[in-house]
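A.B. asks: Sequence and predicted structure below; questions after.
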Amino acid sequence: AKQRGKANYVRYTGGMEQPVFAHAQLGGELRRALDADEFRLVYQPIMELATGRVIGVEPLVRWQHPTRGLVSPAEFIPAAEGTGLIVPLGRFVMREACRQTAAWLAEFGPDALQKIAPNVSVRQLHDPDFLADVRQILAETGLPCERIVLELTESAVLRGPQVLQTLHRLHDMGVRLALDDFGTGESSLSLLRAFPASIVKLDKSFVDGIELDEDGTPEANARQAVARAVIQMAGALGLDTVAEGIENQGQADRLLGLGYTLGQGYHLARPMPAEDMTRLLAAQREK
Ligand code: C2E
Ligand code: CA
Ligand code: CA
Ligand code: CA
């Protein structure tokens, strides 16, 4: 009945027809793209704010489409989640990122970078094979579990006891968990007490304009208040922090002043192909 209701809805509401069809079409396209090996990873450094030293990297997926060019994840991750294709796509991201990180550690030594931090969708956490896949990828690539941080959003973590059990298993394996986009979801504090997180990532929306308080605009002050509250809470709970979306030195300075030591953003480094990241790590070793 649900199926038919959906079909009728599509048929009789002209305005809705196009996006639903486009969504279905995108699902098929994504499957083809995965088979055709059209997905690529770029890597954005996570850096020490005071020194600019790379301490980790976040792999971000890109779709190199044969005719449409480079497609942003914002355009296809929701469809990949909706169709379940995020499961094999996420496995590809994790395998490739772990393989690349193991290669960097082999080339530049164990201090070259501490961690790789792939994004994981809630749909992946519901997959019964997720834990086995993670173990398999670690065994295959030889990357130690302590080198992996899984980035999860608050909405993912709030999805009930089954997901929470998977997260505890990962934590027990030594895999660390980060709460992504922190501050944008609901019930952050109670959540953090139940969830075995090691890191919170202060969302970009609280970094935007954080440096602009000289004129006393209330918005900037509100962001600073959130940034301050997040780092105080993280400190009290023994969590590390990463500030996201840093676009200028004023923001980096303000965050340092509030006690943030790690950050990510275009001002520090943009997401880049593996070859550029290799050059960055080589240059860092020479320092
Ligand atoms: P996210 O996990 O919050 O990743 C940060 C996003 O902010 C990335 O966008 C990054 O390129 C962008 N960014 C970093 N620094 C700055 C900055 O200074 N200014 C601005 N304006 N943007 C900055 P991207 O690569 O387009 O990814 C968007 C989102 O797509 C990610 O948000 C994540 O939720 C999702 N995503 C990307 N790759 C994957 C993946 O492999 N798996 C899953 N499940 N989701 C992914
Ligand atoms: Ca992320
Ligand atoms: Ca984020
Ligand atoms: Ca985000």
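C.D. replies: Thanks, I have it. Note that the structure is predicted; figures quoted are calculated from it, not measured. Ligands and ions are numbered 1, 2, ... in the order given.
A.B. asks: helices or strands up against the host helix or strand of residue 236?
C.D. replies: Using DSSP states H and E, residue 236 sits in helix 218-237. Counting contacts by 3 or more C-beta pairs under 8 Å, 6 or more residues apart in numbering; DSSP states H and E, helix 218-237 packs against helix 188-194, strand 199-202, strand 240-243, helix 249-258. Quick note: C-beta positions are derived from backbone N, CA and C, even for glycine.
A.B. asks: how about it as CSV, C-alpha atoms only?
C.D. replies: What follows is helix 218-237, C-alpha atoms only, in CSV (Å, rounded to 0.1, in the frame of the first residue of the first chain):
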residue,chain,number,x,y,z
PRO,A,218,25.6,40.2,19.2
GLU,A,219,25.9,37.4,16.6
ALA,A,220,29.7,37.2,17.0
ASN,A,221,29.4,37.2,20.7
ALA,A,222,26.9,34.3,20.6
ARG,A,223,29.3,32.3,18.5
GLN,A,224,32.1,32.9,20.9
ALA,A,225,29.8,31.9,23.7
VAL,A,226,29.1,28.6,22.0
ALA,A,227,32.8,28.0,21.1
ARG,A,228,33.7,28.7,24.7
ALA,A,229,30.9,26.4,26.1
VAL,A,230,31.9,23.6,23.8
ILE,A,231,35.6,23.7,24.8
GLN,A,232,34.7,23.9,28.5
MET,A,233,32.4,21.0,28.2
ALA,A,234,35.0,19.0,26.2
GLY,A,235,37.6,19.7,28.8
ALA,A,236,35.3,18.6,31.6
LEU,A,237,34.5,15.3,29.8
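A.B. asks: which parts of it are buried?
C.D. replies: Residues 220, 223, 224, 226, 227, 230, 231, 233, 234 are the ones in helix 218-237 that count as buried (16 or more other C-beta atoms under 10 Å).
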